[in-house]
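[1] Kindly return the folded structure for what I paste below:
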Amino acid sequence: MIIIDELNKDTEKNTFKIRTFIKRKVQDFKKKGVVVGVSGGIDSAVILTLAVQALGNENVYGLLLPEEESATISTELGARLCESLNVSYEKVPITPILQSLDIYGEKDRIIKKTCPEYDPDIHKTSLVLPALLNNDMLNIPSIRLVKDGEIIAENRLKAKDYLELIGIQNVKQRSRMLIQYLYAEKNNYIVCGTTNKTELILGQFVKYGDGGVDIEPLADCYKTQVYALADLLGVDREIIERPPSPDTWSHYTSDEDFYWRMPIQIMDQLLYSQEYALPIEMIEENTELSEEAIDKAKKHIDRVRSAANYSVSPPAICYLDK
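    From the prediction side, this is the model:
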């Protein structure tokens, strides 16, 4: 078995199922259409395209939600996509919301503790983890300082500072969802999410942020399958070839640098092999990894999946005796 071929064998059938799902759910909720947060990335591009095919462009609304640290190209690609599909859209910067909460100031103060040389006027920053398959380094996140495109420092974060930074960064995703529901409710639309199966399994989304939506059409599609959908749908090659990222750090940080810690093709094959309990020999042949490396990667995945239980769980309810 070739795992990648198995993942991508039903791409045309998947497009039909996703379009049908979107149309049916809009009808079930008795709404008129969908709002999509358009990030300039591949997931939202696929969702926007399928939503237009399912509902017509007049029933789809795109929102570009940049902030101070977003890459300029993200907005440009998102706008180009909306225009190519003849979708009405609006750019609503969330920077004022973040400034009112002093998100940038708090972030700068934490980074300054870790990197005393940090100057927000000249340095861009990103949060990274060591590549999982290439070394035996500990699972310790670091702040990377970049100046004029070159990495000039990479310092490890203390656990407390890391948690605070994550909390601060997550406000960005939650602010975006605030805006999406504002537009959805005033237009009698639903909010359509863009989280794929890889992200869902690994908890690679923010609770009540990009995870707080009405429908998740891609939640049963591994990231590798999303790329196949994008190819079939003719999505802009610049979007397809762009490294995926949450785009919440001033230095564009790919998901491979932090979330996956390995190429996405390897991650998806490992997740697929766990889902279908494939034998180790088949995994070795497909991934070209040693049994030791596969075991190490699976332990990492198990840790991440366990931590993700919080993100996917609904609110705990205290039931009273009747």
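[2] What does Val146 show for phi and psi?
    When read as degrees, to the nearest 10, the backbone of Val146 gives phi -130, psi 130.
[3] what does Gly40 give?
    Listed backbone geometry of Gly40 is phi 90, psi 0, with angles given as degrees, to the nearest 10.
[4] dump the residue contacts of it.
    Ala71, Ile73, Ser74, Thr75, Glu76, Leu77, Gly78, Leu81, Ile239, Arg242, Asp247 (Cβ atoms under 8 Å, 6 or more residues apart in numbering). Just so you know, the C-beta spots here come from the backbone N, C-alpha and C atoms, and that holds for glycine as well.
[5] Which element, helix or strand, includes Arg144?
    Counting by DSSP states H and E, the element that carries Arg144 is strand 142-147.
[6] right, and the helix or strand after that strand?
    Tracing the chain C-terminally past strand 142-147 and defining elements by DSSP H and E, one meets strand 150-156 next.
[7] Mind listing what's buried along the next helix or strand along the chain from that following strand?
    Toward the C-terminus, strand 150-156 is succeeded by helix 159-186 as the next helix or strand (DSSP H and E). For helix 159-186, the neighbour count (16 or more other Cβ atoms under 10 Å) marks 161-162, 164-165, 168-177, 179-181, 183-184 as buried.
[8] could you give the mean pLDDT of helix 159-186?
    Throughout helix 159-186, pLDDT has a mean value of 96.
[9] One more: stretch 250-263?
    83.
[10] Which residues does it contact?
    Outside stretch 250-263, the residues within contact range by Cβ under 8 Å, 6+ apart are 68-69, 71, 124-133, 141, 144, 146, 199, 202, 204, 243-246, 264, 267, 297, 300.
[11] Out of those residues, which end up buried?
    A residue is treated as buried here by neighbour count (16+ other Cβ under 10 Å); on that basis the buried members of those are 69, 71, 124-130, 132-133, 141, 144, 146, 199, 202, 204, 244-246, 264, 267, 297, 300.
[12] Leaving out chain neighbours, which residue sits closest to Gln265?
    Leaving out its chain neighbours, the residue that sits closest to Gln265 by Cβ to Cβ, 6 or more residues apart in numbering is Thr224, at 6.2 Å.
[13] Give me the distance between that neighbour and Asp231.
    Distance of Thr224 to Asp231, given as Cβ to Cβ, to the nearest Å: 11 Å.
[14] Now the element after the helix-or-strand element of the chain with minimal mean pLDDT, going C-ward?
    None of the helices or strands of the chain scores lower by mean pLDDT, DSSP states H and E than helix 255, at a mean of 84. Heading C-terminal from helix 255, the first helix or strand you meet, by DSSP H and E, is helix 264-275.
[15] Using CSV, write out every CA atom in that following helix.
    In CSV, the C-alpha atoms belonging to helix 264-275 read as follows (Å, rounded to 0.1, in the frame of the first residue of the first chain):
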residue,chain,number,x,y,z
ILE,A,264,3.4,17.3,6.6
GLN,A,265,3.6,14.3,4.3
ILE,A,266,5.3,12.4,7.0
MET,A,267,2.9,13.6,9.7
ASP,A,268,-0.2,12.6,7.7
GLN,A,269,1.2,9.2,6.9
LEU,A,270,1.9,8.6,10.6
LEU,A,271,-1.6,9.8,11.6
TYR,A,272,-3.1,7.6,8.9
SER,A,273,-1.1,4.6,10.0
GLN,A,274,-2.3,5.0,13.5
GLU,A,275,-5.9,5.4,12.4
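[16] Against which helices or strands is it packed?
    For helix 264-275, the helices and strands in contact under the criterion 3 or more Cβ pairs under 8 Å, 6 or more residues apart in numbering; DSSP states H and E are helix 3-8, helix 197-202, helix 223-233, helix 280-287, helix 291-312.
[17] Run through who's touching the first one.
    When contacts are taken as Cβ under 8 Å, 6+ apart, the neighbours of helix 3-8 outside the stretch itself are Tyr222, Thr224, Gln225, Ala228, Gln265, Asp268, Gln269, Tyr272, Ser273, Leu278, Met282, Asn286.
[18] Was I right to think the third one contacts Thr11?
    Spelled out, that is Gln225. Yes: contact status for Gln225 versus Thr11: in contact at 7.2 Å, counting by Cβ atoms under 8 Å.
[19] of these two, who's got more company?
    Here Gln225 and Thr11 are compared on neighbour count by other Cβ atoms under 10 Å; more neighbours surround Gln225, at 24 against 17.
[20] now the strands for the stretch 1-150 of the chain?
    Counting by DSSP state E, counting those that start in this stretch, residue ranges of the strands within the stretch 1-150 of the chain are 33-37, 60-64, 88-91, 124-128, 142-147, 150-156.
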